[in-house]
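# Sequence isn't available, so here's the structure alone:
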């Protein structure tokens, strides 16, 4: 089973790869690509904040 840290690193890597490939192929201008990448980025931020708050409550 993947730990939360590994899962966060994988998600970050996938988003970084998505931005990199979109920039190389110049498809970042398409609204659907922007929507997918920035939604993923916002979702990752929300999950990381949720994990941080949850872990601070347990300590």
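The structure has been received and is ready for your questions. The structure displayed is predicted, hence computed values, not measured ones.
# any chance you could map the helices in this protein?
4-24, 31-58 (DSSP state H).
# Just send those back as CSV, with mean neighbour count and mean pLDDT too.
(Each C-beta comes from the backbone N, C-alpha and C, glycine too.) Formatted as CSV, the helices of the chain follow (neighbours: other Cβ atoms under 10 Å; pLDDT from 0 to 100):
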stretch, mean neighbour count, mean pLDDT
helix 4-24, 12, 83
helix 31-58, 11, 82
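# Got phi/psi on residue 26?
Main-chain dihedrals, residue 26, degrees, to the nearest 10: phi 60, psi 40.
# For it, the count of nearby residues, please.
8 (other Cβ atoms under 10 Å).
# Next one: it from residue 44, what distance?
24 Å (Cβ to Cβ, to the nearest Å).
# For residue 49, give its distance to residue 11.
In terms of Cβ to Cβ, residue 49 sits 14 Å off from residue 11.
# what does residue 31 give?
22 Å.
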